[in-house]
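K.L.:
below are the sequence and a predicted model; questions follow.
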Amino acid sequence: MKRARLPMLAVLPVTVISFVVAVPFVLGDHPLQWSSGSPVPHLVLDGKEHTRPAGPTGGDGRTAAAPSTGPELAKVDKEWKQGMPQWGAQIYWEDNPRHSLAYVEKQARLHANYLVGLHANSVSVSFPFFTGNRSSTKITRGARTPTPDRLARVLEIFHEAGLRTTVRPLMDEHSLKAEHGWRGSIEPAGRAAWFASYEKFVTPYLKAAQSEKAATFVIGTELNSLEGDPHWETVVNDAEKLFSGEVAYDANWDNYVRGPVVMPVSHLGVDAYFPVKAGDGASVDTLAAGWNRWLDRKATGPLPKITVAEAGIGAMKGAYHAPGDFSTKRAVDPRVQATWYTAVCKVVQERKMSGVYWWSIYFDDDPNTAPDDKVASRLDFAGRPLTEKAIRACFTSDYAGPGPQTTS
């Protein structure tokens, strides 16, 4: 049976609060994207390449666990059911085809156990796909795009742990070298050709998501310039023929607050990097108020049909004005990150939102080790005790969730 969709997911503002923050932020504000096929990945930020220094395992600033049969799989205390909050994290996976399936399985178990230890009930697997320049009409799998079969195995392990699973392809930005080279600014020379190529790419991943009973497939993320295009109708219709779960779209925070996000999907997520003008010692209430001023530009009151698909901030001084800044390495201050996480969780609960996914954990990392702050992104949260304490407090709160939702 065809599920009801939300043709216009973002409601018009009920109350608009004038709130202008004259602060810098990362355009598009997806906090990181690394290029494929290099042992020392390159970062593209505002059209400029940056190099991510190689860590002990070749580029992630952490020590990855050695391949093994892996730990015994833990199990969530309470599996997610419809209407409950989604408490989770984004796992970002740039696959290395030289890694054995045993290594992939071991890493999946490692992350599942870590998430269960945080009392998460959900996980989203983000992975890269590739294009040419901003006008390209061709979508491809790169060397570091997981194959559908390997993705299916990872989903299977997460499912065995009792975690709700989301599949989330994410356009890599390395080739978008022009000014404002961000996935949200692409302008394909032929849109029909672009959408045909994109649908061909996502089809086997939709099948993998269906085979492993994923709950959500995110059909697009932060594609501002393509939102509202009529070609999405065909892509989503065909996706719903292959995948019986929820077909979603994740909007970037700037477009979300700017106006209606018109996408023919069942659910809307927001990659939420709202800048807040506040000092390092700001309270949870101050930060939560800053978030609410941004959200109120869309609508006041509960937002039960919205999921915070990404939230995160650097564990460093001066981070509140640009929470998506992943490249700057100011003095480490774990309290800044932990307080932000607590404030976000407070907003999610008070606004009756569907849940939150923290950005992010690299698939090849060992999340049980502290990040090497000489090379790692300040946004890394795994291995930071204060932030992990804040996450556990959030995920074990008495928030029952938004309740079952109907679409119209």
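P.N.:
Ah, there it is. It should be emphasised that the depicted structure is a prediction, and the values quoted were computed from it without experimental measurement.
K.L.:
now do the buried residues in stretch 321-338.
P.N.:
321, 322, 323, 324, 325, 326, 327, 333, 336, 337, 338 (16 or more other Cβ atoms under 10 Å). C-beta coordinates here come from the backbone N, C-alpha and C atoms, glycine included.
K.L.:
which of those sits closest to residue 238?
P.N.:
Residue 238 has its nearest neighbour among these in residue 324, at 32.4 Å by Cβ to Cβ.
K.L.:
I'd like the distance between that closest one and residue 311.
P.N.:
Per Cβ to Cβ, to the nearest Å, residue 324 is found 10 Å from residue 311.
K.L.:
what sits in contact with each of these two?
P.N.:
Common neighbours of residue 324 and residue 311 (criterion: Cβ atoms under 8 Å, 6 or more residues apart in numbering): residue 273.
K.L.:
dump the buried residues of stretch 321-338 to CSV, plus secondary structure, distance to residue 392 and pLDDT.
P.N.:
Below are the buried residues of stretch 321-338 laid out as CSV (DSSP: H, G, I helix; E, B strand; the rest coil; distance: Cβ to Cβ, whole Å; pLDDT from 0 to 100):
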residue, secondary structure, distance to residue 392, pLDDT
321, coil, 27, 97
322, coil, 27, 96
323, coil, 21, 97
324, coil, 24, 92
325, coil, 26, 91
326, coil, 24, 83
327, coil, 29, 86
333, coil, 20, 98
336, helix, 18, 98
337, helix, 14, 98
338, helix, 11, 98
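K.L.:
how about those residues in JSON lines, adding distance to residue 285?
P.N.:
As requested, these are exported to JSON lines (distance: Cβ to Cβ, whole Å):
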{"residue": "321", "distance to residue 285": "18"}
{"residue": "322", "distance to residue 285": "21"}
{"residue": "323", "distance to residue 285": "17"}
{"residue": "324", "distance to residue 285": "22"}
{"residue": "325", "distance to residue 285": "23"}
{"residue": "326", "distance to residue 285": "27"}
{"residue": "327", "distance to residue 285": "30"}
{"residue": "333", "distance to residue 285": "19"}
{"residue": "336", "distance to residue 285": "16"}
{"residue": "337", "distance to residue 285": "17"}
{"residue": "338", "distance to residue 285": "15"}
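K.L.:
now do stretch 292-312: distance to the chain's middle.
P.N.:
Stretch 292-312 sits 16 Å away from the centroid of its parent chain (Cα atoms, centre = their mean, to the nearest Å).
K.L.:
grab the most central residue of this structure for me.
P.N.:
residue 310 (4.2 Å; Cα atoms, centre = their mean).
K.L.:
and that residue, that one's in a strand?
P.N.:
Yes - in this structure, residue 310 lies within a strand as judged by DSSP: H, G, I helix; E, B strand; the rest coil.
K.L.:
contact partners for it?
P.N.:
30-31, 90, 250, 269-273, 357-360.
K.L.:
which of these ranks first by neighbour count?
P.N.:
Highest neighbour count within the contacts of residue 310, by other Cβ atoms under 10 Å: residue 250, with 32 neighbours.
K.L.:
touching, residue 97 and residue 143? I think so.
P.N.:
Yes - at 6.1 Å, residue 97 counts as touching residue 143 under the criterion of Cβ atoms under 8 Å.
K.L.:
higher neighbour count, these two?
P.N.:
Remark: of residue 97 and residue 143, residue 143 carries more neighbours, 13 against 10, as counted by other Cβ under 10 Å.
K.L.:
show me what secondary structure element comes after the longest helix belonging to the chain.
P.N.:
Secondary structure of the chain read by DSSP state H shows that its longest helix is helix 191-211. Per DSSP states H and E, the first helix or strand lying C-terminal to helix 191-211 is strand 216-221.
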